[in-house]
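Asks: quick one: sequence plus predicted model below, questions after.
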Amino acid sequence: MRVTEAIILAGGLGTRLRSAVPDLPKCMAPVQGRPFIAFVIDHLRQQGISQFIFSLGYRSEAFTDFLAGYLPENSYRLVIETEPLGTGGAIRYACGFAKEEQVMALNGDSIFKISIQEQIDFHLDRNADCTLALKPMRHFDRYGSVLLNPDNRIASFEEKRFIESGFINGGVYVLNRSSFLAESLPEKFSFETDYLQALHGQRNMYGLPQDAYFIDIGIPEDYERAQLEL
């Protein structure tokens, strides 16, 4: 089975990147003369994603002309928050516009060049509610880590601290849309804290490590690194 829909979270303020990109949403920050989100879209299209739902908030108008010239008219939809809903509220709102039972959801300010089909197959084989793409990393303290049980079920989410080696949440998810929409969660909530961390013990949540290229442009140092690497 293939999954062809992806929700891209692109509504963040990007406050930590303001010094480098003062007047644009983080996902529209220019990298090699193109908005960063173009690299995200390109990777997804190469992996078989053909329908996009962009969850927008801050400076949503900055995306309009670019997307109109970059994607076919019938291949994307803009879902604009009138007030911040948190990552969880944004994904749930966007899920209401999705058509497939399984949908990708990911952050628009990072690229994790995984095999999406591998993640989808893993997710379906386990009848999962949510499957996370995990990035193996060494010597890190910027991110929290994810611990797995032997069957790849999520065992726990650990707070940020220095770790010699482990897995981080790469911000790419396959979601069972029906089970996610059925959760009793408030209108505004954090996907990471109120859904993943709070419910992983009661739901079928799995993690699939893939040692693929990863970059998150959330801080100026990594934004500058993107200019060289992408």
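Replies: Perfect, I can see it now.

Asks: in the protein, which spans are strands?
Replies: With DSSP state E as the criterion, the chain has strands at 5-9, 30-31, 34-35, 51-56, 76-80, 102-107, 110-112, 130-140, 145-148, 154-158, 163-176, 205-209, 214-216.

Asks: for those strands, which one sits closest to residue 193?
Replies: Nearest of the strands of the chain to residue 193, taken as CB to CB: strand 154-158 at 8.9 Å. Every residue, glycine included, has its C-beta placed from N, CA and C.

Asks: list the buried residues for the closest one?
Replies: Across strand 154-158, burial judged by 16 or more other CB atoms under 10 Å covers 154, 157.

Asks: paired strands for that strand, with orientation please.
Replies: In the sheet, strand 154-158 lines up against strand 145-148 (antiparallel) (DSSP bridges).

Asks: centre of the chain to the strand it pairs with, how far?
Replies: Distance of strand 145-148 from its chain centroid, counting by CA atoms, centre = their mean, to the nearest Å, is 17 Å.

Asks: on the strand side of things, show who residue 8 bridges to.
Replies: For residue 8, the beta-bridge partners are residue 54, residue 106 (DSSP bridges).

Asks: now it: how far from residue 40?
Replies: As judged by CB to CB, to the nearest Å, residue 8 and residue 40 stand 7 Å apart.

Asks: overlap of the contact sets of these two?
Replies: Listed as contacting both residue 8 and residue 40 by CB atoms under 8 Å, 6 or more residues apart in numbering are 27, 106, 108.

Asks: find the residue at the geometric middle of this structure.
Replies: Residue closest to the average C-alpha location in the chain (CA atoms, centre = their mean): residue 106, at 1.8 Å.
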